[in-house]
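Enquirer: Here's my sequence, what's the structure:
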Amino acid sequence: MDRTWPCGGHDSCSSQDGGTMKLSTPVSNIAKIGPVYAKRLKKMGIQTTGDLLFHFPVRYIDFSQIKKIADLKINEPACIKGTVEDIKNEISYRRRLSITKAVIKDDSSIIGATWFNQPYLVNSLRKGDKVFLTGKITISKQGAHLSNPTYEKISTFEDQEIGPTHMARLVPIYQETRGLTSRWLRYIIKPLLFSLKDRLPETLPKEIIKENKLLGLNEALYQIHFPDDLKIAEQAKERFAFEELFFLELFILSKKQELQELNSIAIPLNLEKIQDFVKSLDFTLSKSQKKVSWQILKDLEKKRPMSRLLQGDVGSGKTIVAAIASLNTIKAGYQVAFMAPTEILSKQHFKTLADFFKGFRVDIGLLTSKTDKYVSKKLNQPIEISRKKLLENTLNGKINILVGTHSLIQDKVKFDNLAFVVLDEQHRFGVKQRAKLCKKHSTIPHLLSMTATPIPRSLALTIYGDLDLSLIDEMPQGERRITTKVITDKERDSAYELVKMEIKKGKQAFIICPRIEESEKKGNDKTGWANVKSVKQEFEYLSKKIFPKLRLAMLHGKIPTLEKSKIMKDFQRGKIDVLISTSVVEVGIDIPNATIMLIESADRFGLAQLHQFRGRIGRKGDKSYCLLFHSKGTSAPKRLRSLAKIDNGLELAEIDLKLRGPGQFLGTKQWGLPDIAMDALNDFSLVEKTRQTAKEILELDPKLKKHPLLKKRVKKFQEKIHLE
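Expert: Reported below is the predicted structural model:
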């Protein structure tokens, strides 16, 4: 990990030998770290002194109870602190053993310590050495003594006792890798901390530290590695969690502030046209749809670019909201770009928008890597068109709304007067990407990002804090009647019978598997993935043994695009009874006739993802069933039972966040946030506190001119964080 160093640019500190060492110094330059250990550290993303010091413990073991020698009891393990009064080797000729004997003294008494076959100890432990010893008291002819105790010499730095590292304290345990243990990391990190003691410049403004009762940087750094007690360890963690979230919030809010300073096109509200459009629909908008549509239309009237995230469950009617805003933009004389992550979803949006805009004189284009289509306002039906002609029509403004995948931001695609961009299931789309869409103009288009993935409020407030949030919190056609049930292997036959019964009624079914192919590591797989069912394996088995008379098809990411499109068309047209698929059906597949879904190894998916899958069935309001199988040999996780009881996506997302953590929810590596910040995203009060603090700083100093170190940190933060 390329650590953003907290020295605010002044990262020179004294090294262990009294010279100058930079926090950006490669670990290979640190005393006692050679090429072999440097290579092992690199595997863990640790390349500099800073990376090493910010490799925080994952937990602590409590070895803190130190006893007086006079209070020791026979056969009880104990830890003592004393001085070596004497040490020597003896030979036991009868047992042919080398015996090392020492006498240890503290201010209460003395005791013997005995080691077998470790004659080198007389060179490691010398008379006068101060030591910690941990072991069990035993009785022999010579009396009570510590038998084969572990020991740690007490070292000093600038005539100060450094104190214990591996015992007689809360002992830090770190994330490890092969050949790199927690003991070795403690051995390297502790002297480094002492060499840098009180020499690292503070990274947070004094008023923020005081107001939030945070530990100072130097104290927090030492206490997070080698805490005096658990309470101060938590305070140290809180300091760094606060710091990481504060800089994330500062970065996000700075981005939002920069966006507000850019120009966009003010699109007047054409209320009469919107009312006509809403009346033309064959369904009634929900209160929630009306509310968010109004928020978006009012945003479009402003001269600053809108950046809004529209969140709503599958089937809640986000597309019609986007269509209302698009029509208002088109009737004001501007163009719309409508982007989706997959070709399947792009084609679906193209068809849906064509149906919505019948009679409203809108020219719609479809541009994907394989397909180019066009709906003329005169013909009101899709026709094939050459790519060259489609691009020409887009450039001269004849295409009112261009739908497509990322093909839309290719250099060849140029708009005449683009004013509004809609993104489906991709929350991030920066200013540079928006500017690329309207190359000829100095204005930035308005942005509406849509998602069916429920985002917990702490994540929405932090990670998507630069986007205004609109929430569709009700279903437009009332509640869907979906029964969700966790199924055991004993009930498998009954589940297959239910599938057959639904197919006889003329309905269709999904069967979801987490993987494409069967695992090759059956015997010695510790992850449990070896027993997880695959699409290919299930397709083979079900088509031959269980549903030989039904029409089955298989869908997964490795199938060529054209073949995938054909399978989906056949499924939509009712030519396929059962589709066996991976998670590629999570978004963008609309099969109104599907009423049953079986999910194999459901415990391998997150709750938000399972909720998305479930949204693929019962779309016409028919009685439907979502059956959850869990991996063989495991008991049904609590979260699967939550899914069976709860149908609210946001509530499920909050449960998922608590049970799985933000790292799994977002993908830690993908986002580039350190673990301590990821874990802190669970703490809504801390998120709110850091956001408010960042907001107050920016209100008083929008360009951070009075806070040059903060400005530098925000810039560094931008380099390491990948909010995609």
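Enquirer: which residues are in contact with the one helix or strand Leu657 maps to?
Expert: Taking DSSP states H and E as the criterion, Leu657 maps to helix 649-662. Applying C-beta atoms under 8 Å, 6 or more residues apart in numbering, the contact partners of helix 649-662 are 313, 452-459, 471, 473, 606-608, 611, 638-639, 642-643, 646, 665, 668, 678-679, 681-682. In short, each C-beta sits where N, CA and C put it, glycine included.
Enquirer: Okay, buried residues for stretch 289-296 please.
Expert: Going by neighbour count (16 or more other C-beta atoms under 10 Å), the buried part of stretch 289-296 is 289, 291-293, 295-296.
Enquirer: list the contacts for Ile33?
Expert: By C-beta under 8 Å, 6+ apart, the neighbours of Ile33 are 27, 41, 188.
Enquirer: Now do the end-to-end distance for stretch 111-122.
Expert: 17 Å (C-alpha to C-alpha, to the nearest Å).
Enquirer: Rounded mean pLDDT for that stretch, please.
Expert: Regarding stretch 111-122, the rounded mean pLDDT is 89.
Enquirer: buried set for that stretch?
Expert: Applying 16+ other C-beta under 10 Å to stretch 111-122 flags 111-115, 121-122 as buried.
Enquirer: same deal with stretch 61-79?
Expert: In stretch 61-79, counting by 16+ other C-beta under 10 Å, buried: 63-64, 66-67, 69, 72, 78-79.
Enquirer: Likewise for stretch 181-189?
Expert: Applying 16+ other C-beta under 10 Å to stretch 181-189 flags 182, 184-186, 188-189 as buried.
Enquirer: quick one: which of those is nearest Tyr541?
Expert: Ser182 (46.0 Å; C-beta to C-beta).
Enquirer: quick one: low-confidence ranges for the stretch 601-724 of the chain?
Expert: Residue ranges of the stretch 601-724 of the chain with pLDDT under 70: 631-636, 660-673, 720-724.
Enquirer: now the helices: where do they sit in it?
Expert: 607-614, 638-645, 649-662, 668-671, 675-680, 684-700, 708-720 (DSSP state H, counting those that start in this stretch).
Enquirer: deepest of those, which one?
Expert: Neighbour counts (mean count of other C-beta atoms under 10 Å) averaged over each of the helices of the stretch 601-724 of the chain peak at helix 607-614, with a mean of 23.
Enquirer: how about the residue lying closest to Asn212 once chain neighbours are set aside, secondary structure?
Expert: Ranked by C-beta to C-beta, 6 or more residues apart in numbering and with sequence neighbours excluded, the top spatial neighbour of Asn212 is Phe242, at 6.4 Å. Of the three states, Phe242 takes helix under DSSP: H, G, I helix; E, B strand; the rest coil.
Enquirer: my guess is Phe242 meets Ile209, correct?
Expert: No. Taking contacts as C-beta atoms under 8 Å, Phe242 lies outside contact range of Ile209: 9.4 Å.
Enquirer: Looking at these two, which is more packed in?
Expert: Phe242 (25 against 19; other C-beta atoms under 10 Å).
Enquirer: what about Tyr37, which helix or strand?
Expert: In this assignment (DSSP H and E), Tyr37 forms part of helix 35-43.
Enquirer: What are the buried residues along that helix?
Expert: Applying 16+ other C-beta under 10 Å to helix 35-43 flags 37-38, 40-41 as buried.
Enquirer: State the pair within those residues that is farthest apart.
Expert: Top of the distance list for the buried residues of helix 35-43 (C-beta to C-beta): Ala38 and Arg40, 7.4 Å.
Enquirer: about what we covered before: list the contacts for the residue nearest to Asn212?
Expert: 212, 214, 680, 686, 689-690.
Enquirer: For Thr319, see how far away it is.
Expert: 40 Å (C-beta to C-beta, to the nearest Å).
Enquirer: What about the residue lying closest to Gln289 once chain neighbours are set aside, how many residues nearby?
Expert: Using C-beta to C-beta, 6+ apart and skipping the chain neighbours, the partner closest in space to Gln289 is Gly317 (5.3 Å). Using other C-beta under 10 Å, Gly317 is surrounded by 21 other residues.
Enquirer: The stretch 401-550 of the chain: strands as residue ranges?
Expert: 401-404, 418-424, 446-451, 468-472, 482-487, 508-512 (DSSP state E, counting those that start in this stretch).
Enquirer: Done for today, thanks.
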